[in-house]
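Enquirer: Sharing a model that was predicted from the sequence below.
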Amino acid sequence: MIRFLIFLLVPLYLFSKYQVVTYFPLESSIVRKIAQDEVKIREITHRFTQKEQKLPYSEISKLSNAKVYFHFGLDIENNYAKLLKAENPELIVVDLSSNIEKIDNNPYIWMDILAIREIAKNVYESLILIDKYKAEFYKRNYEIFLDEIDNTFLRIKNKLNSSEINTVYVFDDYWEYFARRFRIKTIKREKRFLNINEIPQLMDYTQKMDVKKVLFLDDHDYNIALSLGSNLNIKFVEDNIFEDNWQINLLNLTDNLLK
């Protein structure tokens, strides 16, 4: 009788899905590359925000019932890790930035395309730890994902190698990993409008440094980027690094830099 029950329960176990939590959709899309539909993913927020939300207890309870919380190690994500772990001490918290060489005070590691290989490894090793019966499935998807990362890296590298983009202005540190990987120099600009007497000297400097683009994150900085670009005769590029798809983000950034 006991053997018969075990025989019945094993298939149920094999086809059951673990619940995992991420902070925002970009993390979910990376987890999904390896897990496919074999895990149920819940997100703390469906659109990235740096403002911490006060979650109702019912939502905290649902999220904390997950097996794993995957995150990039952002401050806001660490805060949620403490909240969920307090509710469920058995929750496994996985910092996807582990074993990645970081720039000081810069957590935006997914902007280095080769760091995504290490992120993928962290996801893969966590999944086979909690769900060893599907290890071969995860391994196959992991290897396919690595090939996709490598091919995307080569596409970007080939495009940038044949370009004249060497230096860009930035308002934030979001693009430092991308710039370091592809040997692009970034020059940080204050988020303010130029005084008219600053323009001639800055224009000379811009030409000397061969700056052709200014990068900004979103609408909050649009007017400043427009002003800077117009006064210095350089193009301004909006690039939201928090959008859902890592590959589209990096390819779009590359293409927009080259326009």
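Expert: Looks like it came in fine.
Enquirer: Run through the strands of the stretch 151-259 of the chain in chain order.
Expert: For the stretch 151-259 of the chain, the strands defined by DSSP state E, counting those that start in this stretch cover 167-170, 185-188, 211-216, 235-238.
Enquirer: Show me what counts as buried in the second one.
Expert: Which is strand 185-188. By neighbour count with 16 or more other C-beta atoms under 10 Å, strand 185-188 contains the buried residues Thr186. In this view, the C-beta of every residue, glycine as well, is placed from N, C-alpha and C.
Enquirer: Does that strand pack against any helices or strands, and if so which?
Expert: strand 167-170, helix 176-181 (3 or more C-beta pairs under 8 Å, 6 or more residues apart in numbering; DSSP states H and E).
Enquirer: need those in a markdown table with mean neighbour count, distance to Tyr69 and mean pLDDT, can you?
Expert: Converted to a markdown table, the helices and strands packed on strand 185-188 look like this (neighbours: other C-beta atoms under 10 Å; distance: least, C-beta to C-beta, whole Å; pLDDT from 0 to 100):
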| stretch | mean neighbour count | distance to Tyr69 | mean pLDDT |
| --- | --- | --- | --- |
| strand 167-170 | 20 | 31 | 98 |
| helix 176-181 | 20 | 23 | 98 |
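Enquirer: so which of the ones you listed gets nearest Lys134?
Expert: Closest to Lys134 of these is helix 176-181 (C-beta to C-beta; 31.4 Å).
Enquirer: hang on, isn't Asn65 packed against Gln19?
Expert: Yes: look at Asn65 against Gln19 with C-beta atoms under 8 Å: they come within range, at 6.6 Å.
Enquirer: Name the nearest residue to Lys17, sequence neighbours excluded.
Expert: Once flanking residues are discounted, Lys17 sits nearest to Lys40: 5.0 Å by C-beta to C-beta, 6 or more residues apart in numbering.
Enquirer: secondary structure class for the residue minimising distance to the centre of the chain?
Expert: Centroid-nearest residue in the chain: Trp110, 4.1 Å away (criterion: C-alpha atoms, centre = their mean). At Trp110, secondary structure determined by DSSP: H, G, I helix; E, B strand; the rest coil is helix.
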